[in-house]
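Colleague: Structure for the following, please:
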Amino acid sequence: MLALRVAYDGYPYHGSQRQPHHPTIEGELLRAFWKTSFLPKNEVPPLFRFASRTDKGGSARENILFIGGQAGSLFRHNELQRMTKHLEDIWITGYTTMPYHPPYIKEYHYHLGIEEYPIPLLNELCTIFSGTHDFSLFCRRRESKSPYRTLSMTFRMEHGDTCLIFRGPGFLWQMCRRIVSAFYKVREGSMHVDDVVAMLREPHGHKMPPATASQLLLYSVDVNAPFHDFGPARKKMRDYYEEKANASLARYHVSLDVLNGTEH
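Modeller: So this is what the prediction gives:
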């Protein structure tokens, strides 16, 4: 079994998971694998999934792709180098064949941009969301999944940006983005902190809408295994984000976050 460490700019894609009629991260990776000798044409391994799914427009500095079967061919004929040439805004930055096991600790960053947030308010809201809660009103949930999750929230302020940091063993669909909406609403005065507390304690009523995905970055996934770095892809990623750093303000802060964290 093989695990690849994958980074990507998700802005042009319809999420990480394969879809039949839209470009996705998994779909682009499969095409790159088929163009090399890593996978036979149109073959998909029984196990081929990311440790964490990302929504349309969401990016990753570090996601982990699990692939079943034999990993030996990956290390023949410079296949990682060849795959890198077939991928423009997706980068395979490392790999491992060592055993790995859950829980996978995941860290997401959300860049709020230049809007100023009072530090006491940020501290209060991060404390409220940290811990084990029923996040039914802060996710898009399938009934088969428990709404209870354990979360640690902090924040940092730099480069004129406030970044919310989410860390935990598992996240529900759109959970981070809907929590971000609560921060927006409390700051603008359309909600009170007590309303947020009530939504966690008695999750009945309307769900919080999701904030945009383009400012969300999957920063890291810890799978309890050492990875071998693949330098050429990491350099290509760094060059890419340096070029993007002067784009629109929200994307600029995501670019800085990736660049500041390229050293493992």
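Colleague: switch to C-alpha atoms for all contacts and neighbour counts from now on
Modeller: Noted.
Colleague: Quick check: G57 vs L2, distance?
Modeller: 26 Å (CA to CA, to the nearest Å).
Colleague: Could you do N63 as well?
Modeller: Distance check for N63 against L2: by CA to CA, it reads 14 Å.
Colleague: before we move on, what about Q215?
Modeller: Using CA to CA, Q215 is found at 30 Å from L2.
Colleague: Of those two, give the one with the bigger neighbour count.
Modeller: With neighbours defined as other CA atoms under 10 Å, Q215 and L2 compare such that Q215 has more, 24 against 20.
Colleague: thought the more buried one was touching H111?
Modeller: Yes. The pair Q215 / H111 is scored as a contact, 5.3 Å apart, by CA atoms under 8 Å.
Colleague: residues near H21, how many?
Modeller: Neighbour count for H21, taken as other CA under 10 Å: 7.
Colleague: Is it in a helix, a strand, or coil?
Modeller: coil (DSSP: H, G, I helix; E, B strand; the rest coil).
Colleague: can you check T162 too?
Modeller: Per three-state DSSP, the local secondary structure of T162 is strand.
Colleague: How about the one 3 residues further on?
Modeller: Per three-state DSSP, the secondary structure class of I165 is strand.
Colleague: got the contact list for it?
Modeller: Shown in contact with I165 (CA atoms under 8 Å, 6 or more residues apart in numbering): 107-110, 153-156.
Colleague: Just the buried ones from the residues you listed, in PyMOL syntax?
Modeller: Selection of buried members from the contacts of I165 for PyMOL, criterion 16 or more other CA atoms under 10 Å:
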select buried, resi 107+108+109+110+153+154+155
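Colleague: I'd like the contacts of I165 as JSON lines, with distance to P210, secondary structure and pLDDT appended.
Modeller: Converted to JSON lines, these look like this (distance: CA to CA, whole Å; DSSP: H, G, I helix; E, B strand; the rest coil; pLDDT from 0 to 100):
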{"residue": "E107", "distance to P210": "18", "secondary structure": "strand", "pLDDT": "97"}
{"residue": "Y108", "distance to P210": "15", "secondary structure": "strand", "pLDDT": "98"}
{"residue": "H109", "distance to P210": "15", "secondary structure": "strand", "pLDDT": "96"}
{"residue": "Y110", "distance to P210": "12", "secondary structure": "strand", "pLDDT": "96"}
{"residue": "M153", "distance to P210": "17", "secondary structure": "strand", "pLDDT": "98"}
{"residue": "T154", "distance to P210": "19", "secondary structure": "strand", "pLDDT": "98"}
{"residue": "F155", "distance to P210": "19", "secondary structure": "strand", "pLDDT": "96"}
{"residue": "R156", "distance to P210": "21", "secondary structure": "strand", "pLDDT": "94"}
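Colleague: Can you add distance to H22 and give the contacts of I165 back as TSV?
Modeller: Below are the contacts of I165 laid out as TSV (distance: CA to CA, whole Å):
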residue	distance to H22
E107	27
Y108	24
H109	25
Y110	25
M153	33
T154	34
F155	34
R156	35
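Colleague: for the contacts of I165, which one is nearest G231?
Modeller: Comparing these against G231 with CA to CA places E107 closest, at 22.8 Å.
Colleague: for the stretch 1-150 of the chain, what are the low-confidence residue spans?
Modeller: Along the stretch 1-150 of the chain, the parts satisfying pLDDT under 70 run over 69-77.
Colleague: swap the cut-off to 90 and go again
Modeller: 1-2, 18-21, 32-48, 67-86, 88, 95-104, 113-117, 140-145 (pLDDT under 90).
Colleague: what about the residue nearest to the spatial centre of the chain, which helix or strand?
Modeller: By CA atoms, centre = their mean, the mean C-alpha position of the chain lies nearest to L218, the distance being 2.3 Å. L218 belongs to strand 216-222 when assigned by DSSP states H and E.
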